[in-house]
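>>> need coordinates for the following:
(3 chains)
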Amino acid sequence: MFIAILRVIVRRLLAIVPVFAVVTVLVFGALRILPVDPAQMSLPPSATIEQVEAKREAMGLNRPIWTQYSMWAQAAITGDLGESAQYRTSTAAVVLDRLPATIELVICALIFAVCVGMTGGLLIFAVRGTALESVGLVVTSAVMALPDFLLALLFILLLGVLIPIFPVNGRLDPGMQVPSYTGFLLIDAVLTGDFRVIVSAFEHIALPVMALGLAFSPTIVRVLHASLINTYQQSYIQQARLRGLSDREILFGQALKNAIVPVVILVGTQFGGLFGGTLLVEMIFSFPGLGNLMVKAMQTADLSVIMAISLIYCATTLIFNSIADALAYLLNPRLRNG
Amino acid sequence: MMGKMYRLPDPGLLIGGSVALLVLVCGIFAPWIAPYHPNDQELLFILAPPVWADGGSMAHPLGTDSLGRDTLSRLIYGARTAVTVAAAASFGAMLLGAFFAHLAGYFGGWVDWIISRTVEIWLSFPPVVLSMLLITGLGIGIDKVILAIVLVDWTRFCRVLRSEVQVARGQDYVAFARLIGFSHFRVIIREIFPATLPMLITLLSLQMGISVVVEAILSFVAMGVPSDVPAWGQMIADARIDMYYAPWGLALPIFAIFLTVLSFNLFGDGLRRTLDPRHTAQRSA
Amino acid sequence: MTEHDILRIKSLEISLMTGHNILNGIDLTIRAGRIHGVIGESGAGKSMIGSAIADTLPQGLEISRGAIEFDGLTLTDMNARTRRDLLGRDIGFIPQEPMSALNPSLTIGHQVCHHLARIGLRTAKTRQERAVELFTEVGLDRPWDLLQSYPHQLSGGMLQRVLIAMAFASNPRLVIADEPTTALDVTIQKKVVELIARTRAAHNTAVLFITHDLQLAADVCDDVSVLYAGRIVETGAAERIIHAPMHPYSRCLNLATPNLSGPKAQLMILPGTMPGPVDRMQMPGCEFALRCPLAEDQCHSTRPALDGVGTEHKSACHWPERTGLITAVEAPTGTAAGRLGEKLVLRATGLGKAYRQHDWLGRVREVHALRGLDFDVREGEFVGIVGESGSGKSSLTKLIVGLEDVSTGVLELVGLDRATAPRADFFDKVQLVFQDPQSALNPRRKIGRLVTQALEGRGGAYSAATRAELVKTLLAKVMLPPEVADRFPDQLSGGQKQRVNIARALCSNPQLLIADEIVSGLDVSVQAQILELLSALRKEAAFSLLLVSHDLAVVRHVCDRTLVMCKGEIVEQGPVEEVFGNPQHPYTRDLVAAAQGPTVSSI
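As a prediction, the model looks like this:
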């Protein structure tokens, strides 16, 4: 069974390789069309025209674009993503340095969103047919009208400024330091065993996670609610009731396993939205992750960093999509042995 | 049973529709409604609080910002920017998305394969990232924002409508239209398009809300409209610096975005419920 | 064995929130070991009886009067929890659509064992053994493998057996079977009904058998109640009600059902439709009076009571003894055959169709849907195609109308080769009447525009006036009033929609009409209307008909010749009476035997 699951997931992941290849071509092409000269950007402003020309030659910018792409691709496979014009060091190093923070943020937000969304969906479904259901759906609509960056600002305003419970900047209190074992701050903080550090780390990530997660949750609520209602109209639910099963047994034993599939697919397809949301949320909370880096890179036209981060965004979105696909496939026996 | 029973329209449709209309009116008639010009600076009234807070005055009912510009006027003119972008971008995305959706859903086969793969590649970019990338390339300006939203969000229409088209395509009345010699074009226009229209209108309404948010995001990071055009996102960015002593400056534009998006969402959901054939069938049964 | 009453329903009344009654004064009693049939057309309220017993009435409906007693307990006085405890233990259910009645994401074993656990089997081992025992009892092969299977891996017949096994697992005192065979193929129907009858005998269970099928009820039930517009109009022994009914409605239903044997008679046509719950309120008299061929003034003003007309036989009619006066009109013989033309409108030689299927690994597999078909249809001839699901009859209709391309062989239509002649040449000459009018009529077009849709796309040669004239003629042809032209399909009844569907196909005066299961899913009285309409149309218009149906009696009633299809091949063809009267191929024999009704040994 375990091998079978693994095989399905691997197969799906392999299927995204060609898609990803096309994406790299597109991003590469698009960035080359920009009215920015990467050679000039990568040199100090004081560089002479000759120096820039020499750099252009070295970077292969005078050759046809497909040659440039193949040069980039060959380098990229070995892990060399070029040099950041902004930081004047290896792009790969700059990006990898920030990646764990974003992963941490996204995963926490996803867990938060799924917990809130599932609870909300089940609660609203439990009171179906009553006035409370309408209230629940209106609240869901209202939260849905607040995108992540507005929620972030609202949380800062409410929980950072008016009632200052949570810190609104960075990842730790000033003066605190955590040795990097894994690169993931939350795990590292727990590893230190220092209670103050752990609390501080969790306090700092709380608002960004809540902003991202809460913005994502109403979609889950609505899809789960609609899916449950749809499932309850199926004949086998009626049949289960006729066999005398209790409401609780029907919901958790019969309906949920079928009703969850659309939610899994939703999380997979909408994951890109959540991940993209880190861009602004990180910026607003001065959270040192990829999103923050990306915004700065776009403002300074740091092409190799933009390219690297774009590709990470795309790859992650594609991977999550495939995993969700594979999960939905595994949850549905009709597809599995059809 | 056959007679038309008068029924109250869906509450979401009614409330959402009226608020959306209000925002629309504000946008269109901004120069006549707004008490001040949005860029007029009164350096004597910097960061004035709104009328209900201590020290507020009716001269600036919603207060002023750090340059002494009237918040109410900027909100009204901001509505103008938001509505312009929302309407144009949503309509453009709809046209592009609906066109490819009908092609893919109706013809299937390799046409569907190509369009679906394109959509898949498109969707591998988080929408926010893609729109910001596009703006980096296109430069700032209202037209650029509109173009960026169209290029990002056509896939949303394409994906949903494609499956709607496939459902309609499977109906026997479409097969019949082919049997009596309708051309493909005619079948799509006369038999399939009317069936997907309710979903199209619903998506359009929801997309208006999304467009408002994207425009706000882009203006917020100064990648949207030029700085002399008032926009809600820009107001938020400006007010962020002073939020510790002038929280209303931040809260009001947030509220404006929230209200607008909520109204479009309610309107869209109301439309979906009203136009849902199952719903209508229940009503006539 | 003592036979006491298991179920006793007393003057049950179920009403909508608006106060309109769905069921009215239902009295019904079932003794242990008996099968009681409830017969009615859609809208009569027959399924509500089962729902009322299970306490699963749809929202907005409630029991407004009366009581349901189950084995001495008054269900209607008990609280919801105790009532639910009875379900699955003392009251079993067999559903209408076995395909969707089991959870698709759980194994059969999981679901059956869960049920067995609920009725008190303690260990997993005993549960599994008991499940296997039950599966063997209902005649399922390889019961151990079945435990690991998912519902989609089983056929409808097998699933229904599983569900029957589950329903009888706890030795319930009552089993409610709601149209348990409607969704199954004819040959399987027979076996399932036999199984229900046998199992009930083994467990001495009372069975409430809800159905729309008179023939089926006659064969399987001991007693029968006929339901019309929410009231029982006749109740008594099954034999008597089917063969010597004492209520005009029972009689009319019987005469509206086509037979597979005996002389061909015209089907009884009931005018109008069954009144809905709102209309019934305004009827002081008998609800059937408007459609009854014997109705007199008294019928419209006073409602007849359900009174005894013989031993344990009751009828709600003022003049039950007159029922026998309603007779069928002998079908005119010989006229149809005489008008057959000499020309062939369809000739198939070695016709075949193969589909290429891609599985999820991208491997291509050829599936032969049709193989080596040889047959023809003459001018003015009505030919029936019978076969069960998967026999390839739908593929054949698609080939003929041109929705699919021919793979092998030659298909000649109206003198042209389907494969080489341009598509446009067939548009006016070959038309299809679709099975499901709901899907075949664009809900956004008015009837008038639907029936003349064939004129569109032919340039502007037709003025609005000629078009309106044509609409009137076409609607008259299918016996619809001209004012329906301004309505939308959703405002018509199922039978009316099917007429529109037929009218539309007749618009271009086709030479060959293909009708794909056009009466399946329609009530008996509506089916009779459509079948008689086809016969009537035959007299005035010169077209050939290819009627696809799973119902042999329908084919016999309308057609001259028939083809019997099985697994993509024609196994037998010839004149209807010969094929059905003296079937040669074993498959045809099976079909005919199944259609003649199950042979339930009376116990």
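>>> so which residue of the stretch 51-200 of chain A comes closest to chain B?
residue A:145 (3.7 Å; CB to the nearest CB). Where C-beta positions appear, they are placed from N, C-alpha and C, glycine not excepted.
>>> how close does that residue get to chain C?
31 Å (CB to the nearest CB, to the nearest Å).
>>> isn't that residue right up against residue B:255?
No. Counting by CB atoms under 8 Å, residue A:145 does not reach residue B:255; the two are 10.7 Å apart.
>>> so which of these two has more stuff around it?
Shown here are residue A:145 and residue B:255; by other CB atoms under 10 Å in any protein chain shown, residue A:145 has more neighbours (22 against 15).
>>> can you name the residues of the stretch 101-250 of chain A sitting close to chain B?
A:141-142, A:144-147, A:149-150, A:153-154, A:156-157, A:161-162 (CB under 8 Å from any CB of the partner chain).
>>> would you point out the most distant pair within the residues you listed?
A:141 and A:161 (26.8 Å; CB to CB).
>>> between those two, which is the more surrounded one?
residue A:141 (18 against 15).
>>> give me the three-state assignment for the more buried one.
helix (DSSP: H, G, I helix; E, B strand; the rest coil).
>>> equivalent analysis for residue C:68, please.
strand.
>>> dig out what it forms beta bridges with.
residue C:9 (DSSP bridges).
>>> what about it, how many residues nearby?
23.
>>> distance of it from residue C:216?
25 Å (CB to CB, to the nearest Å).
>>> do residue C:574 as well
28 Å.
>>> so the two - more neighbours on which side?
residue C:216 (22 against 16).
>>> looking at the stretch 1-150 of chain A, what residue ends up closest to chain C?
Counting by CB to the nearest CB, the stretch 1-150 of chain A gets nearest chain C through residue A:129, at 7.3 Å.
>>> is it fair to say that residue lies in a helix?
No. Assignment of residue A:129 by three-state DSSP gives coil, placing it outside any helix.
>>> in contact with the residue of the stretch 51-200 of chain A closest to chain B, which residues?
Going by CB atoms under 8 Å, 6 or more residues apart in numbering or on different chains, residue A:145 touches B:209, B:258, B:259, B:261, B:262, B:265.
>>> ok, which stretches of the stretch 201-350 of chain C are strands?
Using DSSP state E, counting those that start in this stretch, the strands of the stretch 201-350 of chain C run over C:206-211, C:223-228, C:231-237, C:307-310, C:313-315, C:344-358.
>>> can you tell me the element residue B:201 falls in?
Here residue B:201, judged by DSSP states H and E, is contained in helix B:193-220.
>>> same for that helix, what does it pack against?
Where contact means 3 or more CB pairs under 8 Å, 6 or more residues apart in numbering or on different chains; DSSP states H and E, helix B:193-220 is packed against helix A:148-155, helix B:71-107, helix B:127-138, helix B:142-169, helix B:232-240, helix B:247-275.
>>> helices and strands around the very next helix or strand once past the shortest one, which ones?
Using DSSP H and E, the helix or strand that directly follows helix A:148-155 along the chain is helix A:185-192. The helices and strands touching helix A:185-192, judged by 3+ CB pairs under 8 Å, 6+ apart, are helix A:91-126, helix A:195-232.
>>> what's the first helix or strand after the last one?
Downstream of helix A:195-232, the first helix or strand assigned by DSSP H and E is helix A:235-242.
>>> identify each buried residue in that following helix, please.
A:236, A:237, A:238, A:239, A:240, A:241, A:242 (16 or more other CB atoms under 10 Å in any protein chain shown).
>>> OK, contacts around residue B:9?
B:270, B:274.
>>> do residue C:139 as well
Contacts of residue C:139 by CB under 8 Å, 6+ apart are C:161, C:191, C:195.
>>> who wins for most neighbours among the residues you listed?
Result: residue C:161 is most packed of the contacts of residue C:139 (other CB under 10 Å), 24 neighbours.
>>> isn't that residue right next to residue C:138, touching?
Yes. With contact defined as CB under 8 Å, residue C:161 reaches residue C:138; the gap is 4.4 Å.
>>> any residues in contact with both of these two?
Common neighbours of residue C:161 and residue C:138 (CB under 8 Å, 6+ apart) are residue C:195.
>>> give me the below-cutoff pLDDT ranges for the chain.
Going with chain A. Scanning chain A for pLDDT under 70 picks out A:1, A:35-36, A:41-42, A:335-338.
>>> correction: the question concerned chain B.
Looking at chain B by pLDDT under 70, you get B:1-8, B:276-285.
>>> quick check: residues of it near chain A?
B:12, B:117, B:120-121, B:123-129, B:132-133, B:136-137, B:209, B:213, B:216-217, B:220-221, B:223, B:236, B:240, B:243-244, B:247, B:250-251, B:254, B:257-259, B:261-262, B:265-266, B:269.
>>> now a ChimeraX select for only the buried ones of those residues.
One line in ChimeraX is enough to select the buried ones among the residues of chain B next to chain A; burial here means 16+ other CB under 10 Å:
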select /B:12,120,121,123,124,125,126,127,128,129,132,133,136,209,213,216,217,220,221,223,236,243,247,250,251,254,257,258,261,262,265,266,269
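>>> rewinding a little: now, of the helices and strands packed on helix B:193-220, which is deepest in the fold?
Of all these, helix A:148-155 has the most neighbours on average by mean count of other CB atoms under 10 Å in any protein chain shown, namely a mean of 25.
>>> can you list contacts of it?
So helix A:148-155 is contacted by A:146, A:166, A:207-208, A:210-212, A:214-216, A:277, A:280-281, A:284-285, B:216-217, B:220, B:236, B:240, B:250, B:254, B:257-258 (CB under 8 Å, 6+ apart).
>>> go on, stretch C:396-410?
Counting by CB under 8 Å, 6+ apart, B:175, B:178-179, C:346-354, C:370, C:372-373, C:385, C:395, C:411, C:413, C:417-419, C:423, C:426, C:430-432, C:512, C:514, C:516, C:546, C:548, C:565 sit against stretch C:396-410.
>>> narrow those residues to those in helices?
Members of the contacts of stretch C:396-410 lying in helices (criterion: DSSP state H): B:175, B:178, B:179, C:395.
>>> the first one is in contact with residue C:434, isn't it?
Yes. When contacts are counted by CB under 8 Å, residue B:175 is listed as touching residue C:434 (7.5 Å).
>>> these two: who's more crowded?
More crowded of residue B:175 and residue C:434, by other CB under 10 Å: residue C:434, with 25 against 19.
>>> enumerate every residue touching that one.
B:172, B:175, B:176, C:440, C:501, C:516, C:518.
>>> number of residues surrounding the residue lying closest to residue A:184 once chain neighbours are set aside?
Leaving aside its sequence neighbours, residue A:184 sits nearest to residue A:100 (CB to CB, 6 or more residues apart in numbering or on different chains; 4.9 Å). For residue A:100, the neighbour count with other CB under 10 Å is 19.
>>> closest residue of chain A to chain B?
residue A:276 (2.6 Å).
>>> wait, what's in contact with that residue?
A:313, B:125, B:126, B:127, B:128, B:129.
>>> hmm, try it at 10 Å
In this structure, residue A:276 makes contact with A:148, A:291, A:294, A:313, A:317, B:125-132, B:217, judged by CB atoms under 10 Å, 6 or more residues apart in numbering or on different chains.
>>> which one of those is nearest to chain C?
Nearest to chain C among the contacts of residue A:276 is residue A:317, at 23.5 Å by CB to the nearest CB.
>>> next up, phi/psi of that closest one, please.
Per-residue torsions, residue A:317: phi -60, psi -50 (degrees, to the nearest 10).
>>> the residue lying closest to it once chain neighbours are set aside and residue A:99: what is the separation?
Distances taken as CB to CB, 6+ apart place residue A:272 nearest to residue A:317, at 4.0 Å, with adjacent residues excluded. Plainly put, residue A:272 is 17 Å away from residue A:99 if you go by CB to CB.
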